[in-house]
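*Asks:* Quick one, structure for this:
(4 chains)
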Number of protein chains: 4
Amino acid sequence: MQKALVIYYSQSGNTKKMAESVAEGIQKAGLEAVVKDVKDVKADELLKYDGLVIGSPTYYGSMSAQIKQLFDDSVKFHGKLDGKVGAAFASSANIGGGNETTILDILNAMLIHGMVIQGDWQGDHYGAVAIDAPDSRATRQCVRMGDRLAKLIKKLQ
Amino acid sequence: MQKALVIYYSQSGNTKKMAESVAEGIQKAGLEAVVKDVKDVKADELLKYDGLVIGSPTYYGSMSAQIKQLFDDSVKFHGKLDGKVGAAFASSANIGGGNETTILDILNAMLIHGMVIQGDWQGDHYGAVAIDAPDSRATRQCVRMGDRLAKLIKKLQ
Amino acid sequence: MQKALVIYYSQSGNTKKMAESVAEGIQKAGLEAVVKDVKDVKADELLKYDGLVIGSPTYYGSMSAQIKQLFDDSVKFHGKLDGKVGAAFASSANIGGGNETTILDILNAMLIHGMVIQGDWQGDHYGAVAIDAPDSRATRQCVRMGDRLAKLIKKLQ
Amino acid sequence: MQKALVIYYSQSGNTKKMAESVAEGIQKAGLEAVVKDVKDVKADELLKYDGLVIGSPTYYGSMSAQIKQLFDDSVKFHGKLDGKVGAAFASSANIGGGNETTILDILNAMLIHGMVIQGDWQGDHYGAVAIDAPDSRATRQCVRMGDRLAKLIKKLQ
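*Replies:* Model prediction:
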């Protein structure tokens, strides 16, 4: 069975909750989903999955240093994630507080790995966004994002 | 007296309302503020102001074609806006709907003109954002943005 | 046979040359490629292709107003490009002159349409870039981009 | 005397050389410039300077994890950098390799701190870029960037 890894960094628990909703969407679409705190992820593990979803709180408009370190560490197998499917999500304290730039920061890193990403014509276009704790709107976006990711992974098999 | 031009493109009226709130903030800080629909602005006019604020609805994650045309037309006096102060704002239908990328799209164009921009450590960091019609939160952000812009213009006199 | 449309805006001819190289890459991979000046493209045409590649000169860090107008016009069938494959390229006068932000501006618009994009782990990661007239390096990047796009379209069939 | 801090992360030495050229430009314009490796910078030090310039290699399209950690640590005095002047530069292996997004990633973080930034209408618009070791073009851009930053700091005194 194809599988996806959902990685998050979370201090308040908000980003973790979003990760679990994304995983729920992936599983509903029939794929295996593994959810991990970034501190428990070694770069090499990324190679074992068909899809990667990465979520970060919005710290100064980009992914947290812990998430960035994971990408920096992944340079040792640069080229090996080519063609895998990626997606990103972010939690934030404000509406215009940098959540979109945080998501795009992660998506840019995925593109540089040669990964495949897809936007959404509905709702949060670049990736799911929560302002503070994920409300029902944000949770729906996360589940939907997981579902779309899983369907794209299946298509690319 | 120093003066700033607030330019907007608006179909629903939401972005226009934001422009008027930004102008209110500029005026409260003691500068003249002129508000104009982009269709009534010739590129050459930009040269007559100490500061420029540009607002756009969020159309596919960047400024509307009408606003972009104004920037494209401004190439004829490229270099002449060097050192002027700029700011941007956006209205959008969704929280993660591209409002930040729209604002940054405008700010990037201002940087390429050599303009000076300032973020805000409170609220909407890159520029004021409204989801649908500007509520009291968005309106406060617009007024505050105008106030901060005016103070920066004064300092740079 | 699956087919892709390569759209460009070009005043100097540089972006047009890049478009032709992208088309060459698409054709080599066995797909049909149509190359069109943006002024000859009606928004509705976008629906007829499996993939879209859009190239723009770097005007103030984002796509030219003509290209932006095409995206703004496409709102009438918003949702219908969901799942199609997209890519972007840019020509520019300077190395740090806004070519990456121009490409990402186009890719953001594609993501908002729900389209699928892929980066490249080699060379120009977000999309092919030429500084002035496309040299052999830039031309190779364009051909490679067309080839990768075509292969992704085939996989997603 | 007003002073600026130039911070870099460098493994190959390229980004360090750029930092020294930026400092040269700052000093020529009559300000004090201090150059430091990010590993020798504590977040609190940022408060002691009128201007900050930060340079990073291009790692997956954004600032290196070490630079990001410095920003993440700076949250404890969030609001205190309001009005200070900032600038950014990047070194990269490829022309379209993510150098612009790396610079903008740093500038976004500065905006979120409420800092003031200025683009350049000549050459590298967002900040100085070097492809591999800084050649004479890149070095000139670095010196020019330091000079412009220093002049802006003086104006804002």
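*Asks:* The lowest-mean-pLDDT helix or strand in chain A - contacts with which helices or strands?
*Replies:* Within chain A, no helix or strand scores below strand A:129-131, which has a mean of 95 by mean pLDDT, DSSP states H and E. Secondary-structure packing of strand A:129-131 (3 or more CB pairs under 8 Å, 6 or more residues apart in numbering or on different chains; DSSP states H and E): strand A:85-92, helix A:99-112, helix A:136-156. The way it works is simple: take the backbone N, C-alpha and C, and place the C-beta from them, glycine included.
*Asks:* who's in contact with that strand?
*Replies:* A:14, A:18, A:89-95, A:97, A:99-100, A:103, A:138, A:141-142, B:95-96 (CB atoms under 8 Å, 6 or more residues apart in numbering or on different chains).
*Asks:* Listing partners with orientation, what would you give for that strand?
*Replies:* strand A:85-92 (parallel) (DSSP bridges).
*Asks:* still on that earlier bit, adding mean neighbour count, write the helices and strands packed on strand A:129-131 out as JSON lines.
*Replies:* Below are these laid out as JSON lines (neighbours: other CB atoms under 10 Å in any protein chain shown):
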{"stretch": "strand A:85-92", "mean neighbour count": "28"}
{"stretch": "helix A:99-112", "mean neighbour count": "29"}
{"stretch": "helix A:136-156", "mean neighbour count": "21"}
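*Asks:* for chain A, what are the low-confidence residue spans?
*Replies:* Regions of chain A meeting the criterion pLDDT under 70 are absent.
*Asks:* what residues does it put near chain D?
*Replies:* Counting by CB under 8 Å from any CB of the partner chain, the positions of chain A adjacent to chain D are A:59-66, A:68-69, A:71-72, A:74-75, A:97-98, A:101, A:105, A:108-109, A:111-113.
*Asks:* if you set the cut-off to 10 Å instead, what comes out?
*Replies:* Counting by CB under 10 Å from any CB of the partner chain, chain A comes close to chain D at A:57-75, A:78, A:97-98, A:101-102, A:104-113.
*Asks:* Give me every residue in chain A lying close to chain B.
*Replies:* Residues of chain A lying close to chain B (CB under 10 Å from any CB) are A:58, A:60-61, A:89-90, A:92-104, A:119-120, A:122-131, A:137-138, A:141.
*Asks:* picking that back up, please state the offset of the least confident helix or strand of chain A from the chain centre?
*Replies:* Relative to its chain's centre, strand A:129-131 lies at 13 Å (CA atoms, centre = their mean, to the nearest Å).
*Asks:* Check the separation of the first and last residues in stretch A:35-45.
*Replies:* 12 Å (CA to CA, to the nearest Å).
*Asks:* which outside residues touch that stretch?
*Replies:* For stretch A:35-45, the external contacting residues (CB atoms under 10 Å, 6 or more residues apart in numbering or on different chains) are A:4-10, A:15-16, A:19-20, A:22-24, A:26, A:34, A:52-56, A:63-64, A:66-77, A:80.
*Asks:* which parts of that stretch are buried?
*Replies:* Across stretch A:35-45, burial judged by 16 or more other CB atoms under 10 Å in any protein chain shown covers A:35, A:38, A:41.
*Asks:* what's near enough to touch the residue nearest to residue A:104 when sequence neighbours are not counted?
*Replies:* In this structure, residue A:104 finds its nearest non-sequential neighbour in residue A:126, 5.9 Å apart by CB to CB, 6 or more residues apart in numbering or on different chains. Residue A:126 makes contact with A:87-90, A:99-104, A:106-107, A:117, A:119-120, B:61, B:96-98, B:100-101, C:108, C:111-112, according to CB under 10 Å, 6+ apart.
*Asks:* The helix or strand containing residue A:24 packs against which elements?
*Replies:* For residue A:24, the host element (DSSP states H and E) is helix A:14-28. Applying 3 or more CB pairs under 10 Å, 6 or more residues apart in numbering or on different chains; DSSP states H and E, we find helix A:14-28 packed against strand A:3-8, strand A:32-37, strand A:51-57, strand A:85-92, strand A:129-131, helix A:136-156.
*Asks:* Serialize the ones you listed to TSV and add fields for distance to residue B:46.
*Replies:* Formatted as TSV, the helices and strands packed on helix A:14-28 follow (distance: least, CB to CB, whole Å):
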stretch	distance to residue B:46
strand A:3-8	44
strand A:32-37	50
strand A:51-57	38
strand A:85-92	33
strand A:129-131	33
helix A:136-156	39
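*Asks:* Count residues in the vicinity of residue A:132, would you?
*Replies:* Other residues near residue A:132 come to 12 when the count uses other CB atoms under 10 Å in any protein chain shown.
*Asks:* what about it, distance to residue B:78?
*Replies:* Separation of residue A:132 from residue B:78 (CB to CB, to the nearest Å): 43 Å.
*Asks:* Run through the residues that contact the residue of chain A positioned farthest from its centre.
*Replies:* When distances are taken from the C-alpha mean of chain A, residue A:76 lies farthest, 21.0 Å away, according to CA atoms, centre = their mean. Shown in contact with residue A:76 (CB under 10 Å, 6+ apart): A:43-44.
*Asks:* Also the one 10 residues further on?
*Replies:* Contacts for residue A:86 were tallied using CB under 10 Å, 6+ apart; they are A:4, A:51-54, A:106-107, A:109-111, A:113, A:115-118, A:127, A:149, A:152, C:118-119.
*Asks:* show me the residues around the nearest residue to it once chain neighbours are set aside that make contact.
*Replies:* Take residue A:86 and drop its neighbours on the chain: the residue closest to it by CB to CB, 6+ apart is residue A:110, 3.7 Å away. By CB under 10 Å, 6+ apart, residue A:110 lies in contact with A:52-54, A:71, A:81, A:84-88, A:116-117, C:118-119, D:60-61.
*Asks:* Now which of those would you call buried?
*Replies:* Applying 16+ other CB under 10 Å to these flags A:52-54, A:71, A:81, A:84-88, A:116-117, C:118-119, D:60-61 as buried.
*Asks:* what's the closest of these to chain B?
*Replies:* residue A:88 (10.9 Å; CB to the nearest CB).
*Asks:* The closest one pairs with what?
*Replies:* Note on residue A:88: beta-bridge partners residue A:54, judged by DSSP bridges.
*Asks:* Look up how far residue D:17 lies from it.
*Replies:* Distance from residue A:88 to residue D:17, counting by CB to CB: 34 Å.
*Asks:* likewise residue A:123?
*Replies:* On the measure of CB to CB, residue A:123 and residue D:17 end up 46 Å apart.
*Asks:* ditto for residue A:126
*Replies:* Distance from residue A:126 to residue D:17, by CB to CB: 36 Å.
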